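A.B. asks: just a sequence and a predicted model for now, questions to come.
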Amino acid sequence: MAQVVITLKIMPESPEVDLKKIEIKATKAITAFGGHVGKVEIEPIAFGLKAVKLFFVMDESKGSTEELETQIAKIEDVNSVEVTDVRRTIG
């Protein structure tokens, strides 16, 4: 099976939330799910609110990321989680 690159956008509950804590906990969840985080971005949204964007690689045979999204949504101070992009890798 091929590898896929997934972009996950995590929205905090407020601008005061420590995004680093969310990033660390989400990265642990992704690793436990069988993925490998390659890049992290902080995306300004509006009025001081910022989203954490995690780019990770996982095996396509894993199927849906719904279980992972549910786990990350349960992290303290997380408002929402969504997959914004899925791409097959070349190689």
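C.D. replies: That came through, no problem. Numbering: from 1, shown residues only.
A.B. asks: tell me what the helix ranked longest in the chain is packed against?
C.D. replies: Taking DSSP state H as the criterion, the chain has its longest helix at helix 19-33. Under the contact definition 3 or more CB pairs under 8 Å, 6 or more residues apart in numbering; DSSP states H and E, helix 19-33 sits against strand 3-12, strand 36-46, strand 49-59, helix 66-73. The C-beta positions use only the backbone N, C-alpha and C, and glycine is treated the same way.
A.B. asks: what lines up beside the first one in the sheet?
C.D. replies: What it means is strand 3-12. Strands that pair with strand 3-12, judged by DSSP bridges, come out as strand 49-59 (antiparallel), strand 78-88 (antiparallel).
A.B. asks: tell me which residues of the last one are tucked away?
C.D. replies: Right, strand 78-88. Neighbour-count burial for strand 78-88 flags 78, 81 (criterion: 16 or more other CB atoms under 10 Å).
A.B. asks: how far does that strand sit from the chain's center?
C.D. replies: What separates the centre of strand 78-88 from the centre of its chain is 6 Å, taken as CA atoms, centre = their mean, to the nearest Å.
A.B. asks: restrict that strand to CA atoms and write it as CSV.
C.D. replies: Backbone C-alpha positions of strand 78-88 (Å, rounded to 0.1, in the frame of the first residue of the first chain) are rendered in CSV as follows:
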residue,chain,number,x,y,z
VAL,A,78,-9.6,21.6,21.7
ASN,A,79,-12.7,22.9,20.1
SER,A,80,-12.6,21.1,16.8
VAL,A,81,-10.5,18.9,14.6
GLU,A,82,-10.7,18.4,10.8
VAL,A,83,-8.8,16.8,8.0
THR,A,84,-8.2,19.5,5.5
ASP,A,85,-6.1,17.5,2.9
VAL,A,86,-5.2,14.0,2.1
ARG,A,87,-2.6,13.1,-0.7
ARG,A,88,-0.9,10.0,-1.8
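A.B. asks: thanks a lot, see you next time.
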